Structure formats: C-alpha cells, structure tokens
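In: Coordinates for the following, if possible.
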Amino acid sequence: MNDLRILIARLGWPMASTRWWAMQELAIRLGNDDSKLETEDALLQLLKSRKLEAEVIEMLFIFWMAVQKYEYSPVIELSQAVPLSSVLSKLLIESLELPTSLTKICLKEAPLEFQIPESFISTQGINVSKVFITSLRQLESSSGFPFVKQMAFELQGNLSAYPDVPVQGGLAYFSRSLGKNLIPVASERLSLRAMSAYLRTLSVAEARWGMPTEIAIKYSLKALPIHPSLAFLQPKIPKWVPVAMNFVGEKFIIEEYLRDLLIQFKNLSSGDELIAFNSPVEISQNKYIEVSLVQWLQAPGSTIDDLDLVKYLDDFWNYKPVISSAGTKPMSIETTIISPSRQSILEPNCNAWPLVGVLDWDRIGYLQHDLYPSRLFFPITADSNSLKIRPRNGGVEVQMGGERIADLLYWNAGWTSSRLKQLGGSCGTALVSKGKKYREGVNTEIEGTRSFYLWRVVILEREDCWSEYVETEMTGILFSDF
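Out: Now for the predicted structure:
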C-alpha cells in the first residue's frame with residue numbers, strides 16, 4: 001500500500017479533521033530519513049500546483065510542523081515552489097528561516113465600477129465566514145478603504161480555480177441526506193476560496209493602502225488552518241474513561257456513570273485531579289449523548305441552599321469564562337494565556353467559582369473546529385496568573401512559573417461526517433492537573449472550603465433519520481472531598 005499517495009489524497013478531502021491528521025502524518029514522514037526525500041519531492045510538486053492561497057498555507061503548515069517537532073531542515077526550493085503568496089505564507093516561510101523575496105504576487109485593486117455580487121452577500125455565514133467579513137468591516141470603518149468590496153472582487157477573481165469541480169465539498173451535497181439538525185463537518189473549496197480572497201485583500205491593503213505589516217499579520221492569523229499550540233494533538237482516549245452505560249435520562253444512572261469516571265481516574269492518577277471533562281459518550285445515527293464535567297470551589301458564606309445550587313449556576317454552560325491568549329510570536333508553538341480575575345467569575349451569592357475557562361478565538365485553526373469553543377478548557381488560577389501552553393506527548397501542557405501544572409488530553413469519540421448543530425464535534429477533551437499547584441493562592445486553607453463538580457448531560461434522540469431530534473438536558477452537582 002502506498003501510504004504517501006493515500007495521505008496526499010486525503011489533503012483534498014473536505015473533512016476538516018482528516019486533513020489535519022493527514023498533515024500530521026506527512027510531517028512525520030518529512031522528519032524520517034527513510035521517507036524524507038520521497039515525501040519532500042511529492043509535496044513540493046503538489047505545492048506548485050495549488051491554485052488558492054489558503055491551499056498554499058495548508059501545504060506550508062506541513063513543513064512548519066515537520067520543522068517544529070521532527071527536526072526537519074527545509075530546502076530553499078520550498079520558497080521557490082510557492083505559486084500564490086500572501087501575508088500569511090510569507091510569515092510561514094520566514095518562520096522556516098527561508099527567503100521570501102522569491103515569492104510573487106500579482107495584486108489589483110477592485111475597479112470603481114465593480115459591484116458586490118448578491119451571491120457574496122447571500123453566502124456570508126455559510127461559505128464566507130462571518131469572522132472575515134466582521135474583521136474587514138472593522139478595518140474599513142477605521143481606515144476608509146473598501147476592504148469588503150476588495151474581498152468580493154478577489155472572490156470573483158478566483159472563480160476560475162478548479163473549473164472542473166467548482167463546488168468540491170459543497171455543503172448542500174453532503175448535507176442533503178443527513179436529515180434535520182445535522183450539518184457536515186466539512187471545510188469545502190468555496191470556503192477555501194473565501195479565505196484566499198480574504199488573504200489577498202490583506203495583501204492589497206499592505207501593498208497599496210499602507211496597512212502596517214504587523215496589523216496585516218494580526219488579521220491574517222484568523223485564516224490559520226491549525227492553532228500552533230494545538231497542532232500536534234493526537235487522539236488517544238484515556239484508560240480511565242469508562243464505557244458508556246445505557247443513558248435513559250435517569251439522573252441516578254448519569255451520576256453513577258460520573259462517579260465511576262471519577263473513581264477510575266483517581267485510581268489511575270494518584271495525586272492529580274480531573275478539572276474538566278467534555279465528550280460524547282454515544283454517537284449513532286439517531287442518538288447523540290454528550291457529557292460535560294467541570295470542577296468548582298466554594299468558600300463558606302453561601303446564601304444558596306445546596307439543592308438550589310445547580311439552578312443558580314446553570315448559566316455557566318452558556319457563558320463560560322473566557323481565557324485570553326496570545327502567541328509569544330505569531331507562529332510560536334507556545335501560547336500565553338491569562339485567566340480572568342477571580343472576582344469577575346465569583347458567584348457572590350453562593351461564594352463559588354469555576355476552576356476552568358475556555359480558550360478565546362486567537363489563532364483559531366479552522367481544521368480544528370471540533371475543538372471550539374466548548375472543548376478547550378484551561379485552568380483559572382489565582383490573581384490572573386500568566387500561564388504558558390505548549391504541545392507535549394500528543395496533548396497540551398500548561399505551565400505556571402516554568403512548572404507543569406496540568407495537561408489537556410484529546411481523543412476521537414466517534415467517526416462521523418456530520419455533527420449536530422446544538423453540540424460541538426465528535427471529539428472529547430479532559431483537563432488533568434499535576435498535583436494541586438494550579439490552586440495555589442486561592443485561600444483553600446480556609447476551613448469549610450469545598451470542591452464540587454458541576455455536570456451536564458445532553459441527550460438528542462430521533463425515531464428515524466428524517467425526524468427532528470428531541471433534546472433532553474440534565475444538569476447536577478456532585479460534591480467531593482476537598
């Protein structure tokens with residue numbers, strides 16, 4: 001079997017996670033002396049054939065991953081093979097320490113008589129991501145230059161790319177037979193065209209309208225295929241995750257599963273804590289069950305009865321605290337994260353606070369959208385401590401003061417070409433502490449301080465593949481020894 005041929009073919013699949021995993025495997029081949037030359041030659045030839053800027057970025061990311069993790073040394077032919085340059089591709093080439101002067105780009109401003117097509121407006125939020133339009137409108141408002149019009153012009157200009165299959169990966173084709181409430185987990189060619197138009201618009205702004213390069217880079221990072229700190233996540237389900245029970249919507253059955261989860265974790269992870277857990281536990285054609293678990297602390301002084309506590313904290317699932325982030329450098333695998341202040345997340349009437357928040361959208365990777373936003377939990381530490389996250393052994397480690405305090409784990413919970421609109425993707429994550437250092441400074445020595453888990457289970461069922469899903473949501477609290 002020709003693994004290289006299969007992996008390269010998978011780079012063209014519309015399934016986002018498949019492309020990400022294929023990129024990882026190709027990066028491994030580049031770092032292997034036995035497969036390096038064959039893989040390098042095949043990828044350089046493929047790169048030369050790309051007809052969209054976003055496709056070029058995905059190809060360059062394979063080389064970037066190989067350099068970051070597998071000690072690959074890129075050849076100068078790589079920068080010469082780039083057929084379509086952009087601010088983002090130049091950034092990637094520079095991060096590989098290769099010259100960028102060899103790359104070419106032909107830029108043309110939208111003519112005054114150009115009118116934004118109706119199709120451009122009607123596809124916003126579908127094929128044309130709202131984040132790009134919102135970003136360009138912000139730039140247009142502050143500068144007066146026609147950013148949105150330029151993007152529409154660029155999108156019209158790349159219509160000729162791949163004329164034989166202009167709608168490869170089209171959402172309508174993949175979603176027509178799925179039934180109600182299911183959407184394909186696809187990153188289609190129309191979306192790649194839109195991202196390419198967005199990147200070319202930023203190139204025009206930098207070259208013709210005087211946009212500072214650092215601003216162009218900042219906005220270009222919104223079109224990253226993979227978050228640099230999450231690039232090397234490997235799907236591996238932990239041994240302590242129990243086999244799903246027959247969830248029938250009974251609260252005591254759900255809590256039995258959760259207790260089993262916590263007991264198995266404790267038995268296999270002595271001294272560590274399960275801070276957060278989020279995963280589908282059943283995926284089938286007509287049933288989808290997702291379990292979420294987050295640890296909280298509660299100090300004395302609550303005015304809310306324990307029986308009413310879950311209702312009081314229920315809004316957490318819709319309004320999770322957001323942890324801000326920024327790369328040390330634009331393409332750095334290390335990301336700095338800063339917790340919101342303890343006071344801003346404290347529920348004053350019950351004197352409780354969550355120990356985690358979700359990562360913001362900085363440097364989001366569109367091939368990793370199964371992870372966003374509900375599955376990327378990171379610790380909330382005292383006094384808004386600055387933490388570092390970086391790849392480690394197929395997961396992501398969290399460091400405080402140079403010491404590892406937690407790990408984010410990731411696994412594939414089920415293979416599916418679609419996902420429910422109400423929920424995220426088909427993967428699971430867990431945030432696991434290394435000891436209790438992450439709690440330092442939270443006054444846990446106060447007598448009466450206790451911890452508990454806030455949990456949620458969402459069950460969606462239907463009778464057949466054409467029926468609408470019936471949703472059942474249950475929430476509760478499990479108290480544990482502090």
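
In: what's the closest non-adjacent residue to I76?
Out: Setting aside the residues directly before and after it, I76 is nearest to L98 in space (C-beta to C-beta, 6 or more residues apart in numbering), at 6.2 Å. C-beta: built from backbone N, CA, C; applies to glycine.

In: Helix, strand or coil: sort out that neighbour for me.
Out: Of the three states, L98 takes coil under DSSP: H, G, I helix; E, B strand; the rest coil.

In: tell me the contacts of it?
Out: L98 sits next to 74, 76, 78-79 when contact means C-beta atoms under 8 Å, 6 or more residues apart in numbering.

In: can you give me the helices in the stretch 51-200 of the chain?
Out: In the stretch 51-200 of the chain, the segments counted as helices under DSSP state H, counting those that start in this stretch are 53-70, 77-80, 87-95, 118-122, 130-143, 147-157, 171-175, 189-208.

In: pLDDT (mean, whole number) over the longest one?
Out: Model confidence over helix 189-208, given as mean pLDDT, is 92.

In: Tell me the buried residues in that helix?
Out: 189-206 (16 or more other C-beta atoms under 10 Å).

In: returning to that earlier point: among the contacts of L98, which one has the most neighbours?
Out: When neighbours are taken as other C-beta atoms under 10 Å, the top entry among the contacts of L98 is S79 (22 neighbours).

In: Might one say that that residue is in contact with P99?
Out: Yes - with contacts counted by C-beta atoms under 8 Å, S79 reaches P99, the gap being 5.8 Å.

In: Can you check which residues contact both of the two?
Out: Counting by C-beta under 8 Å, 6+ apart, the shared contacts of S79 and P99 are I93.

In: quick one: stretch 392-412 to chain centroid distance?
Out: Computed by C-alpha atoms, centre = their mean, to the nearest Å, the chain-centroid distance of stretch 392-412 equals 16 Å.

In: Just the endpoints, please. Distance across it?
Out: Using C-alpha to C-alpha, to the nearest Å, the end-to-end distance of stretch 392-412 comes to 18 Å.

In: quick one, what contacts P242?
Out: Contacts of P242 (C-beta under 8 Å, 6+ apart): 257, 260-261, 264.

In: how close does it get to N412?
Out: Using C-beta to C-beta, to the nearest Å, P242 is found at 17 Å from N412.

In: Tell me how many other residues surround I304.
Out: By the criterion of other C-beta under 10 Å, I304 has 17 neighbours.

In: From C350, how far off is it?
Out: From I304 over to C350 the distance is 4 Å, taken as C-beta to C-beta.

In: again with A299
Out: 10 Å.

In: swap in E468?
Out: 36 Å.

In: rewinding a little: kindly reformat the contacts of P242 as CSV and extend each row with distance to A110.
Out: Output for those, formatted as CSV (distance: C-beta to C-beta, whole Å):
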residue, distance to A110
Y257, 57
D260, 60
L261, 55
Q264, 59
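
In: Return the subset of these lying in helices.
Out: Using DSSP state H, 257, 260-261, 264 are the members of the contacts of P242 that sit in helices.

In: Filter those residues down to the buried ones.
Out: So, by 16+ other C-beta under 10 Å, the buried ones in the ones in helices among the contacts of P242 are 257, 261, 264.

In: And those, which is closest to T18?
Out: L261 (29.0 Å; C-beta to C-beta).

In: now the buried ones among the ones in helices among the contacts of P242 in a markdown table, with pLDDT?
Out: Listed next are these as a markdown table, based on pLDDT from 0 to 100:
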| residue | pLDDT |
| --- | --- |
| Y257 | 89 |
| L261 | 93 |
| Q264 | 93 |
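
In: now those residues as TSV including distance to G365?
Out: Shown next, in TSV, are those (distance: C-beta to C-beta, whole Å):
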residue	distance to G365
Y257	31
L261	29
Q264	31
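
In: M151: which of those is nearest?
Out: L261 (46.5 Å).

In: In which helix or strand does K266 reside?
Out: Using DSSP states H and E, K266 falls within helix 251-268.

In: And the pLDDT for S122?
Out: According to the prediction, S122 has pLDDT 68.

In: just to revisit the earlier point, so what sits against both of A299 and C350?
Out: Contacts common to A299 and C350, judged by C-beta under 8 Å, 6+ apart, are absent.

In: coming back round to it: compare the mean pLDDT across the helices of the stretch 51-200 of the chain and name the weakest.
Out: Averaging pLDDT over each of the helices of the stretch 51-200 of the chain puts helix 171-175 lowest, since it has a mean of 56.

In: Correct me if wrong, but Y453 is in a strand.
Out: Yes - counting by three-state DSSP, Y453 falls inside a strand.

In: list the contacts for N2?
Out: Applying C-beta under 8 Å, 6+ apart, no residues qualify as near N2.

In: For L26, see how far away it is.
Out: From N2 across to L26, the span is 13 Å (C-beta to C-beta).

In: E214 too?
Out: Computed as C-beta to C-beta, the E214 to L26 distance reads 31 Å.

In: Just want to know which of those two has more residues nearby.
Out: Between E214 and L26, counted using other C-beta under 10 Å, L26 has the larger neighbour count: 26 against 8.

In: Buried residues, the host helix or strand of that one. List them.
Out: Assessed by DSSP H and E, L26 sits inside helix 16-30. Residues 16-24, 26-30 are the ones in helix 16-30 that count as buried (16+ other C-beta under 10 Å).

In: Identify, from these, the entry nearest to A430.
Out: Nearest to A430 among the buried residues of helix 16-30 is S17, at 18.3 Å by C-beta to C-beta.

In: so what's that closest one closest to, chain neighbours aside?
Out: Closest to S17 by C-beta to C-beta, 6+ apart is D370, at 6.2 Å.

In: how about W240, what does it touch?
Out: By C-beta under 8 Å, 6+ apart, W240 lies in contact with 261, 264-265, 267-269.

In: Try it again at 6 Å.
Out: By C-beta atoms under 6 Å, 6 or more residues apart in numbering, W240 lies in contact with 264-265, 268.

In: Output those residues in a markdown table; the columns should cover distance to P391.
Out: Formatted as a markdown table, the contacts of W240 follow (distance: C-beta to C-beta, whole Å):
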| residue | distance to P391 |
| --- | --- |
| Q264 | 26 |
| F265 | 23 |
| L268 | 23 |
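
In: With respect to F277, which of those residues is nearest?
Out: Distance to F277, by C-beta to C-beta, is smallest for F265 among the contacts of W240, at 8.7 Å.

In: excluding its backbone neighbours, what's nearest that closest one?
Out: Excluding its sequence neighbours, the residue lying closest to F265 (C-beta to C-beta, 6+ apart) is W240, at 4.4 Å.

In: Need phi/psi at that neighbour.
Out: Dihedral pair for W240: phi -80, psi 0, per degrees, to the nearest 10.

In: any idea how far it lies from L268?
Out: Distance, W240 to L268, using C-beta to C-beta: 5 Å.

In: what's the closest of the contacts of W240 to Q138?
Out: F265 (43.8 Å).

In: Hmm, that closest one is touching L274, no?
Out: Yes - with contact defined as C-beta atoms under 6 Å, F265 counts as touching L274 (4.8 Å).
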